[in-house]
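In: With the sequence up front, the predicted model follows.
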Amino acid sequence: MKSKFIQKIKNHIAFYLREDLQERISEEFERAFVLNNRDLPATLVLPEGYGKGLPERVVELLLARMTYHAGAKVLDVAHANAMPCHLKMVESLPQPAQLTGIDIAEPVYNTSTYYRESLVGDITRMTFDEGSFDLIWCISALEHFGMDNSGYTDNFRKENNMDLEAVAEMIRILKRGGSLLVTVPYGKNEDHGWLRNYDKESWLRVLAEAEKQADVKQYYFRHTFGSGWRETRPEELQYVGYFDQANCGSGGLAAAYITKR
């Protein structure tokens, strides 16, 4: 059974990494970015029909890019299996770029082109000093924390509240006034073994943890084949499952832009 589970994860990743899919994600991100020259937490502008048939990464890359400023010390959480579209965005960042990547798994590519430093370790057990980073990205990663990550590495922990621990630690290592971007698949409560689809209750627990130390701006998005990705209200996503849209990713997305007080 375990080998079938691991193969399922690998098949999902392989499908996601198809070259044509990655190119389409990058093209859509670039199409939207030119319309959004303001920093978060500004109102987002998504082009008509944005990302039809594409996974949530088209939205996440836009959010991440809008948080970045040249010279910022950035921590990119869970970078070991970063997709080509993500790496292309990182490579295009205005200089000087000071990116550190961290992951429980060994990277599957040469990180030196994209990151000044690449670390292997659990974000909840690292020894970063308080206030080490201006910006932290946790993009489609929190849903894997505390889950079965055997498809990526044997070096993982299964723990119910690890996502809350991670959020608290990421805020701790931010500078005062620094920002954390967290994105997760969102809709109805689902446990897929290696990832969870957050629902209202589980996501509010994450936001409550963040609000102990920071101010939080929330965003919600939905994908449909009729209109692609669009911003929406969380209530509209309550019955949306992870695989409902057959778009190689989640049907709903929640994002939190968290600024340390």
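Out: Arrived safely.

In: And the helices in this structure?
Out: According to DSSP state H, the chain carries its helices in the segments 2-16, 19-33, 57-67, 84-91, 162-172, 200-210.

In: for Leu142, what are its contacts?
Out: Applying Cβ atoms under 8 Å, 6 or more residues apart in numbering to Leu142 gives the contacts Asp163, Ala166, Val167, Val182, Thr183, Val184, Val206. (Glycine included, C-beta is placed from N, CA and C.)

In: Skipping its backbone neighbours, what lies nearest the third one in space?
Out: In other words, Val167. Excluding the flanking residues, the one nearest Val167 by Cβ to Cβ, 6 or more residues apart in numbering is Glu209, at 5.0 Å.

In: Distance check, that neighbour against Leu142.
Out: 11 Å (Cβ to Cβ, to the nearest Å).

In: quick revisit: how many neighbouring residues does the residue nearest to Val167 have?
Out: 19 (other Cβ atoms under 10 Å).

In: same deal with Phe29?
Out: Neighbours of Phe29 under the rule other Cβ under 10 Å: 25.

In: ok, now the one 3 residues further on?
Out: Ala32 sits with 21 neighbouring residues when counted by other Cβ under 10 Å.

In: Please apply the same query to Glu130.
Out: When neighbours are defined as other Cβ under 10 Å, Glu130 has 10 of them.

In: next one: Ile136
Out: Ile136, neighbours per other Cβ under 10 Å, totals 27.

In: Quick check: it vs Ile258, distance?
Out: Here Ile136 is placed at a distance of 9 Å from Ile258 (Cβ to Cβ).

In: Now do the shared contacts for those two.
Out: Ser179, Leu180, Leu181.

In: Fine by me, we can end here.
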